[in-house]
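# Curious how this folds, go ahead:
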Amino acid sequence: MSKFSERIKGLFEFIKSKSFFMQLGIAILSVVVLIFLLQWWLGITTNHNQKIEVPNLAKLSLTNVETKLNELNLDYVVIDSATYNPNYPKKAVLEQNPEAGDFVKEGRKIYLTLNPSKYRDVEIPDLNGRTRRQATTHLRSIGFKVGKDVTWVRDLGKDVVRGLKYKGNKIEPKTKLPKQSTIDLILGDGN
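Sure thing, here's the model as predicted:
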């Protein structure tokens, strides 16, 4: 009989022995106990069954948000403000993450996006010499409204921009005005 076959025979005898089954039983029992202990420990340390429903914070001021979240033992972080929305109060919550109605654990941070206090300022471009259509399209594309109050000046170019007005006052290029402001055109009359 070769050494290899002796080793195979010895291995089979060990697998059939009481000692092997005792060690296998101890290993399985140890794994099961370890799994139950780990689940018990995770349940305690992660507040497993705790659920706090996130309130709807839309249109609330930061003071009201802070009061509401402190009552629920939640925290908040303000993310950079978004584009101004005139349908919401100034400095009110526009968006929140997690959403209202989601469930979180105690101490969770709610990320808030606030409504700025006004539209952002946009620089007035130099439109002198452009046609009425070009100027109107350009102003609307950068966020301005074009008023219907046109001022006509004597100029050879008909419907050629010769200036811009804001609230009745002439404005110069590179002036900054809030987005959505109404700008009136000063145009040549073609004479």
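# any idea which element the residue nearest the centre of the chain lies in?
Nearest to the geometric centre of the chain sits residue 113, at 6.6 Å (Cα atoms, centre = their mean). Using DSSP states H and E, residue 113 falls within strand 109-114.
# so where's this protein shaky on pLDDT?
Scanning the chain with the threshold set as pLDDT under 70 gives 1, 47-49, 82.
# which residues of it fall in helices?
3-16, 18-45, 62-71, 132-141 (DSSP state H).
# pretty sure residue 65 contacts residue 58?
No: contact criterion Cβ atoms under 8 Å: residue 65 and residue 58 do not qualify, at 10.2 Å. Heads up, the C-betas are built off the backbone N, CA and C, glycines and all.
# Compare the two and say which is more crowded by neighbours.
residue 65 (21 against 12; other Cβ atoms under 10 Å).
# what sits against that one?
Listed by Cβ atoms under 8 Å, 6 or more residues apart in numbering, the contact set of residue 65 reads 57, 76, 93, 112.
# Domain boundaries for this protein, per the record?
For the chain, automatic domain parsing gives the domain ranges 3-45, 52-114, 121-189.
# check contacts around the closest residue to residue 55 other than its chain neighbours.
Leaving aside its sequence neighbours, residue 55 sits nearest to residue 68 (Cβ to Cβ, 6 or more residues apart in numbering; 5.7 Å). The contact partners of residue 68, by Cβ under 8 Å, 6+ apart, come to 55, 57, 60.
# Perfect, that will be all.
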